[in-house]
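>>> Have a look; sequence and predicted model below, questions after that.
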Amino acid sequence: MLAQELGVDLTPVGEVVVYRGDREARRYGRYVIVGFFTEEEGPQPWDGLLAVSTPQLSFQAMFNHAAALRKNGPRRPGGAPACFAGGASADALFELPDEEIVARFSRDLLSVYPQLEGKLGDGIVRRHRRVVPFWAPRGRESLPVLRNPLGPIRLAGDYQLDMPSLADAATSGENAAKAVLSSLGR
């Protein structure tokens with residue numbers, strides 16, 4: 001519809017069908033995330049870990065965002081762990097009240113690191129409906145088409161990548177913008 005508004009010719013029709021079919025093959029996973037600010041002091045067992053896998057808990061991974069600060073010098077108090085649930089685990093949590101999600105994540109985080117007992121701040125819940133793309137069977141077959149221009153139109157985004165990431169999605173957008181500018185003689 002936007003192409004029509006802009007007066008852009010989207011022929012050949014066969015490629016347009018592939019583009020539309022790709023949208024049906026690609027899905028996005030959901031995440032439920034709880035972040036905590038903590039009040040612990042002194043060296044902790046997780047200080048050198050960026051992430052901890054927790055597949056049997058209410059969240060699948062705990063990311064230690066303060067790990068980068070723990071390399072040199074004395075350890076400053078506090079931390080900022082974030083617990084991530086994705087896929088079916090996120091689906092099961094998505095409609096629960098924040099308090100219930102925080103209670104479950106807190107209980108499970110304390111089962112891994114009991115040193116945090118009494119030191120977890122209020123949990124901050126975030127629900128993300130569209131995070132990482134994944135493909136239906138044979139869905140990746142459309143990737144080569146998505147990477148090629150459709151007339152003057154360039155597509156960009158995480159769904160074009162074999163292993164999507166935010167950084168690569170941004171690079172994809174930058175490359176598409178440069179290609180458009182180049183095609184306009186700029």
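Yes, it's here.
>>> Next, the most centrally placed residue in the chain: secondary structure please.
Per Cα atoms, centre = their mean, the C-alpha nearest to the average position across the chain is that of Val131, at 4.4 Å. Each residue gets one of three states, and Val131 gets coil by DSSP: H, G, I helix; E, B strand; the rest coil.
>>> so what's it up against?
Tyr28, Gly29, Arg30, Tyr31, Gly86 (Cβ atoms under 8 Å, 6 or more residues apart in numbering). The C-beta positions use only the backbone N, C-alpha and C, and glycine is treated the same way.
>>> CSV please, covering the residues you listed and showing distance to Arg75 and pLDDT.
Output for the contacts of Val131, formatted as CSV (distance: Cβ to Cβ, whole Å; pLDDT from 0 to 100):
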residue, distance to Arg75, pLDDT
Tyr28, 38, 76
Gly29, 35, 80
Arg30, 35, 87
Tyr31, 29, 91
Gly86, 30, 91
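>>> Which one (most neighbours) among those?
Among the contacts of Val131, Tyr31 has the most neighbours (other Cβ atoms under 10 Å), with 22 neighbours.
>>> Might one say that that residue is in contact with Ile101?
No. Counting by Cβ atoms under 8 Å, Tyr31 stays clear of Ile101, with 11.9 Å between them.
>>> any idea how far Asp47 is from Pro133?
Asp47 sits 33 Å away from Pro133, going by Cβ to Cβ, to the nearest Å.
>>> Pull up the gap between the residue nearest to the centre of the chain and Ser182, please.
Separation of Val131 from Ser182 (Cβ to Cβ): 32 Å.
>>> Then Pro149?
Pro149 sits 11 Å away from Ser182, going by Cβ to Cβ.
>>> And Leu57, by the same measure?
The separation that Leu57 has from Ser182, given Cβ to Cβ, amounts to 49 Å.
>>> Low-confidence stretches in this protein?
1-26, 134-135, 139-140, 142, 158-164 (pLDDT under 70).
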